[in-house]
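Novice: Build me a model from this:
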Amino acid sequence: MNRTAYDVRDRRRYNAVDPLTSVSNVSGQSSSIQYDVAISFAGEDRATARKFADLLLGEKYAVFFDEFEKAALWGEDLTVKLKDIYASLSRFCVMFISQYYVKKPWTKFERQAAVSRMLKEKSAYVLPIRLDDTELPGFPETVGYIDLRTVELTEVYDLLRMKLGSPGMVGEASTSISKDRIRDVLAACYRRAVFARMHAQMSWEAMFDSLAHCRSSLQKMVVYVEPAHLQRLVAGIIGELDFIERRGLQYRSGTSDHVEAEIDGAKLRIISSLLELKQAAGVSFELPTSVTEEVFFRKEDADSAPSGSISKDPWMRVRAVRKS
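Specialist: Model (predicted):
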């Protein structure tokens with residue numbers, strides 16, 4: 001196994017507090033944060049994970065990557081050590097998800113520790129990076145991810161830097177609301193394809209194309225959104241857009257009924273989340289409060305701002321379908 005370009009002495013010099021020493025003295029579920037990022041990956045994906053770790057290390061972030069920690073891990077009970085690192089000692093856990101990742105016992109152990117913290121704190125602690133179409137068993141479908149097949153690794157790193165802040169900020173957390181990013185989310189969703197009620201006088205292809213573009217845009221934005229509970233709202237919108245796309249595919253293949261009502265329900269939940277984002281951020285952005293009655297036949301029309309009247313049907317009221 002070849003060492004990375006940085007050795008342990010380099011990493012110690014970069015960090016004011018040496019994570020190796022600090023971790024060695026940790027027992028149980030310590031709340032002391034020692035790493036900016038803990039990286040979880042399968043051995044087959046090591047080359048990609050190493051490149052990412054080197055980018056972080058080059059900017060003097062404290063990063064847990066197994067090749068950097070050989071001395072600290074030598075002779076230790078790894079079930080205790082790794083649980084502490086992935087469940088307690090890091091600000092974020094970056095997961096490289098692949099077909100290999102779901103098969104390895106150690107990545108399963110790391111994933112369970114990280115997801116347990118994510119669910120307990122209800123925070124955007126786990127930052128998944130997808131390398132293929134593999135789904136993680138038990139992992140929430142609404143969590144936003146980055147797909148490395150469509151986004152460069154350096155771009156992913158730039159997104160992570162925005163979440164981390166400047167190097168040396170271990171232990172500090174941002175509680176400010178990212179109003180500009182939320183405005184971007186609202187603007188990306190401000191299109192007829194999102195707000196128009198399903199009916200016969202509509203091009204489904206135009207709608208699906210527009211919603212796919214919207215979902216792709218939100219996947220790039222979600223990591224910018226702060227704080228965590230608003231980021232989860234955006235992740236939920238991405239999940240609803242994905243649901244609409246999958247239901248549409250089932251409908252066109254003739255394997256599903258009642259699709260129009262289900263898509264209308266998903267759109268209402270999206271609108272409800274958008275209104276909640278707007279209110280929480282206190283931004284000035286006019287949004288319809290429910291689905292609208294309008295038609296379109298081209299993607300250009302589907303991408304345009306909603307302009308039709310609000311549906312008067314009682315079940316179309318947003319508050320009637322708001323997620324609990």
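Novice: what's the helix or strand for the residue lying closest to residue 198 once chain neighbours are set aside?
Specialist: Spatial nearest neighbour of residue 198, excluding adjacent residues (Cβ to Cβ, 6 or more residues apart in numbering): residue 260 at 4.1 Å. Every residue, glycine included, has its C-beta placed from N, CA and C. Here residue 260 sits within helix 259-281, counting by DSSP states H and E.
Novice: Tell me how far that helix lies from the chain's centre.
Specialist: Put simply, helix 259-281 sits 19 Å off its chain's centre (Cα atoms, centre = their mean, to the nearest Å).
Novice: how about that helix: buried residues?
Specialist: Of the residues in helix 259-281, 259-260, 262-278, 281 count as buried by neighbour count, 16 or more other Cβ atoms under 10 Å.
Novice: So which residues of the stretch 101-250 of the chain form helices?
Specialist: Secondary structure of the stretch 101-250 of the chain (DSSP state H, counting those that start in this stretch): helices at 105-121, 153-164, 179-189, 192-195, 204-221, 228-252.
Novice: So what angle separates the directions of the longest one and helix 259-281?
Specialist: Interaxial angle, helix 228-252 versus helix 259-281 (axes from the mean of the first three to the mean of the last three Cα atoms, to 10 degrees): 170 degrees.
Novice: tell me the angle helix 228-252 makes with helix 105-121.
Specialist: Going by the same axes, to 10 degrees, helix 228-252 makes 110 degrees with helix 105-121.
Novice: Not counting the longest strand anywhere in the chain itself, show me its contacts.
Specialist: Longest strand in the chain, counting residues (DSSP state E): strand 90-97. Residues outside strand 90-97 that contact it (Cβ atoms under 8 Å, 6 or more residues apart in numbering): 33-42, 45, 48-49, 52, 64, 86, 101, 110-111, 114, 117-118, 124-132, 134, 136, 145, 148, 160, 163-164, 170, 173.
Novice: repeat for stretch 42-52
Specialist: If you take Cβ under 8 Å, 6+ apart as the criterion, stretch 42-52 is touched by 4, 39, 41, 65, 67, 94, 96, 98, 100-101, 103-104, 107, 131, 148, 153, 156-157.
Novice: what distance separates it from the centre of its chain?
Specialist: Mean-position distance between stretch 42-52 and its chain equals 20 Å (Cα atoms, centre = their mean).
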